[in-house]
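S.K.: show me how the following folds:
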Amino acid sequence: MEGIGLFESIYSLPQVTRYKPDPVPREALDKIIDAATKAPNGGNKQPWEFIIITDRDLIAEVGRIYRDAWLGALGATPPPNEPPVYRSARYLAHHMPDVPAMILACVDHTRGSTPYTPGQPIVRGLYASSIWLAVQNIFLAARALGLGTRLTTAHLRREEEIKALLGIPAHVETVALIPVGYPQGRFGPTSRRPAKEVTSYNRYGNRG
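M.R.: Now for the predicted structure:
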């Protein structure tokens with residue numbers, strides 16, 4: 001299963017909100033997760049866990065929870081002149097129950113550098129520096145294989161429902177719910193601030 005090059009993936013990595021209904025091959029999902037597990041991480045503790053969701057009933061239920069959490073927070077009715085980025089996110093919220101596949105990125109607090117005490121609340125975000133690198137690998141690997149992704153966290157507002165539905169234990173923190181699928185439309189260059197506007201040499205503000 002060959003993909004495009006690294007820099008082509010980086011330069012054309014959008015946040016995808018509209019997906020074709022085509023199923024995502026198991027081989028592609030396994031390859032994406034394999035890439036995630038190669039990410040740098042603190043102390044090489046590798047505290048990540050990934051749940052691939054392809055069962056249509058589970059996707060529908062997780063998607064419903066996500067949709068209700070998103071609309072509950074940002075409103076069921078779009079405000080006047082809603083920015084395009086929020087219109088896109090709203091579209092995805094309504095259609096999250098229909099995406100072809102999902103990856104739920106999680107952190108196992110028993111595998112971290114800080115001892116975990118059973119029965120005590122986990123410290124959220126403690127291992128963010130490890131898990132976010134793995135999530136970026138997911139995005140790049142998916143893009144290389146012609147698949148779209150999007151970073152979403154709205155499920156955290158109703159995390160306990162997600163954890164109960166998927167049998168996730170108390171010591172595991174959910175971090176990001178990532179839809180995966182073939183995008184409607186084509187990949188293209190992303191709209192970002194030029195590097196020269198955000199880069200200083202040796203002293204802040206010295207643009208070289």
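S.K.: could I get the full set of strands for this structure?
M.R.: 48-53, 101-108, 148-149, 172-181 (DSSP state E).
S.K.: right, and these - which one's nearest residue 11?
M.R.: strand 148-149 (15.1 Å; CB to CB). Placement of C-beta: from N, CA and C, glycine included.
S.K.: follow-up on the earlier one: dump the strands of the chain to JSON lines, plus distance to residue 22.
M.R.: Shown next, in JSON lines, are those (distance: least, CB to CB, whole Å):
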{"stretch": "strand 48-53", "distance to residue 22": "16"}
{"stretch": "strand 101-108", "distance to residue 22": "10"}
{"stretch": "strand 148-149", "distance to residue 22": "12"}
{"stretch": "strand 172-181", "distance to residue 22": "7"}
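S.K.: out of these, flag the one nearest residue 5.
M.R.: When these are compared (using CB to CB), the closest one is strand 148-149, at 17.7 Å.
S.K.: other residues contacting the closest one?
M.R.: Around strand 148-149, the neighbours that count as contacts under CB atoms under 8 Å, 6 or more residues apart in numbering are 14-16, 19, 138-139, 142-143, 178-183, 187.
S.K.: try it again at 10 Å.
M.R.: Strand 148-149 is contacted by residues 13-20, 32, 99-100, 103, 135, 138-143, 176, 178-185, 187 when judged by CB atoms under 10 Å, 6 or more residues apart in numbering.
S.K.: residue 179: neighbour count?
M.R.: 25 (other CB atoms under 10 Å).
S.K.: next one: residue 66
M.R.: 26.
S.K.: spatially nearest residue to residue 96, not counting backbone neighbours?
M.R.: residue 63 (3.7 Å; CB to CB, 6 or more residues apart in numbering).
S.K.: follow-up on the earlier one: can you tell me which of the strands of the chain is packed in deepest?
M.R.: The highest mean neighbour count among these, using mean count of other CB atoms under 10 Å, belongs to strand 148-149: a mean of 25.
S.K.: show me what the mean pLDDT comes to for that strand.
M.R.: What strand 148-149 shows for mean pLDDT is 97.
S.K.: same deal with stretch 35-49?
M.R.: The pLDDT scores in stretch 35-49 average 95.
S.K.: and that stretch, how far apart are its ends?
M.R.: By CA to CA, to the nearest Å, the extent of stretch 35-49 from end to end equals 13 Å.
S.K.: residues making contact with it?
M.R.: In contact with stretch 35-49 (CB under 10 Å, 6+ apart) are residues 3, 33, 50, 103-114, 126-142, 144-145, 168-169, 172-175.
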